[in-house]
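S.K.: Task: produce atomic coordinates for the following.
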Amino acid sequence: MTLPEAILFDMDGTIVDTEPLWEGAEGQVLAEMGTQMTPQMRQKMLGSTLPRMVAILRSFARNPLDEAVVADRVEQGVIDRLDAGLPWKVGLVELLAWCHEHSIPTAVVTATRRRVASRVLEHVPAKPGFTNAIYGDDVSEGKPSPEGYLKAAELLGVDIRRCMIVEDSPVGLEAASASGGVAVAIKGAAPEEFAADFPYIRELSDLSESVIESIMEGQRPNFVRAY
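M.R.: Okay, here's the model as predicted:
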């Protein structure tokens with residue numbers, strides 16, 4: 001049986017669809033700076049670290065606010081929207097239960113800072129939840145740097161080369177690949193032609209035990225193209 005030593009997950013867009021929360025908060029702050037958000041502007045920010053997202057927002061703004069003010073208002077905007085509920089990805093609860101049953105540790109590696117991400121993870125609808133987490137302010141370089149994934153593997157005491165890493169964005173998949181782990185794309189922010197270079201799933205529920213084994217053995221199933 002070829003199973004991973006650990007499974008590592010991105011957060012936004014991979015285990016939970018927080019992107020609408022970020023989109024709403026970013027749009028509100030950009031409006032406060034005199035500019036209306038467009039889909040093209042939003043696309044440029046997907047998968048960004050907070051500093052990069054703030055820089056992009058300010059570049060679009062007619063009347064840019066101070067960087068720290070923009071960062072604080074966006075994060076607070078996301079926190080304020082958490083009470084509306086979180087759409088967790090299909091199959092997350094079952095996958096975490098399977099990992100626990102097989103003594104496979106898990107970690108979230110996110111560009112989102114602890115202030116927001118820790119609050120999101122408090123709502124994970126599974127007990128036990130994730131073994132650990134690496135937040136955006138735990139690393140010196142955000143994705144596509146592999147630093148977060150390497151730190152997660154070290155924290156869990158596992159070989160990154162024997163870790164499965166699930167990501168939805170191009171920068172996240174680049175980080176996962178650069179770490180030496182086994183990168184898996186979940187349908188989301190990455191264009192299909194980019195994600196198709198990886199094992200490609202529609203939902204976390206696609207990751208059955210047999211599929212996980214096949215991916216760890218080097219196969220590259222594509223559940224998106226199959227439907």
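S.K.: check contacts around the closest residue to G172 other than its chain neighbours.
M.R.: Nearest-residue entry for G172: D10, 4.9 Å, with adjacent residues in sequence omitted and distances by C-beta to C-beta, 6 or more residues apart in numbering. Any C-beta I mention is one placed from the backbone N, CA and C, and that applies to glycine too. D10 makes contact with 108-110, 166-169, 172, according to C-beta atoms under 8 Å, 6 or more residues apart in numbering.
S.K.: Please report how far D10 lies from A68.
M.R.: Using C-beta to C-beta, to the nearest Å, we find D10 at a distance of 26 Å from A68.
S.K.: Burial check on the residue lying closest to D137 once chain neighbours are set aside, number of neighbours?
M.R.: Nearest in space to D137, with sequence neighbours left out and distances taken as C-beta to C-beta, 6+ apart, is R113 at 4.7 Å. For R113, the neighbour count with other C-beta atoms under 10 Å is 16.
S.K.: I figured P4 was touching V184, is that so?
M.R.: No. Assessed by C-beta atoms under 8 Å, P4 is found out of contact with V184, at 10.1 Å.
S.K.: residues shared between the contacts of those two?
M.R.: Applying C-beta under 8 Å, 6+ apart, one finds that P4 and V184 are jointly contacted by M164.
S.K.: out of those two, which sits in the more crowded spot?
M.R.: Neighbours per residue, other C-beta under 10 Å: of P4 and V184, the larger number sits with V184, 28 against 23.
S.K.: Can you tell me the element the more buried one falls in?
M.R.: V184 is located in strand 182-186, with elements delineated by DSSP states H and E.
S.K.: Parallel or antiparallel, list what pairs with that strand.
M.R.: strand 163-167 (parallel), strand 200-201 (parallel) (DSSP bridges).
S.K.: who touches the shortest one?
M.R.: Meaning strand 200-201. Contact with strand 200-201 is made by 166, 184-187, 192, 207, 211, 220-225, as judged by C-beta under 8 Å, 6+ apart.
S.K.: tell me the mean pLDDT over that strand?
M.R.: Per-residue pLDDT values over strand 200-201 give a mean of 96.
S.K.: same check, this time on stretch 141-148
M.R.: Mean per-residue pLDDT for stretch 141-148: 95.
S.K.: Any figure for the gap between S118 and A133?
M.R.: Relative to A133, and taking C-beta to C-beta, S118 is found at 7 Å.
S.K.: And these two? Which one has more around it.
M.R.: A133 (23 against 14).
S.K.: Find the residue closest to that one in space, skipping its chain neighbours.
M.R.: Nearest non-adjacent residue to A133, counting by C-beta to C-beta, 6+ apart: V108, 4.3 Å away.
S.K.: did I read that right, the one you found in a strand?
M.R.: Yes. Checked against DSSP: H, G, I helix; E, B strand; the rest coil, V108 lies within a strand.
S.K.: What is the neighbour count of it?
M.R.: Neighbour tally, V108, other C-beta under 10 Å: 26.
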